[in-house]
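Have a look at this fold, sequence not included:
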């Protein structure tokens, strides 16, 4: 059995994808909500790769230049913002 019994539905106003729990509660994906599951990331992988290429590329270039974890925070935030904005 699936431990997370959710179904996807489209919200008519914004056409955002949201997950609805079988019990009826809504769990939004986003910075203030829950992180996306691996299945959701896999399904959206091509769209993320195409629409957020520049932000991800900038982040990877920064990480290749500097091993300091705090050096690329702004690039990482831009990449996350792009993904959550889709």
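It's in. Computed from a predicted structure; not experimentally measured. Residues are numbered from 1 along each chain as shown.

for the chain, what spans make up the helices?
38-51, 53-65, 73-84 (DSSP state H).

out of those, which comes closest to residue 31?
helix 73-84 (5.7 Å; Cβ to Cβ). All C-beta spots, glycine's among them, are computed from the backbone N, C-alpha and C.

and the angle from that closest one to helix 38-51?
For helix 73-84 against helix 38-51, the angle by axes from the mean of the first three to the mean of the last three Cα atoms, to 10 degrees is 110 degrees.

Could you list the low-pLDDT ranges of this structure?
In the prediction, the chain carries residues with pLDDT under 70 at positions 1-26.

and among the helices of the chain, the most buried is which?
Ranked by mean neighbour count under mean count of other Cβ atoms under 10 Å, these are led by helix 73-84, which reaches a mean of 16.

That one versus helix 53-65: what angle between them?
150 degrees.

And the contacts of helix 73-84?
29-31, 36, 48, 51-52, 55-56, 58-59, 62 (Cβ atoms under 8 Å, 6 or more residues apart in numbering).
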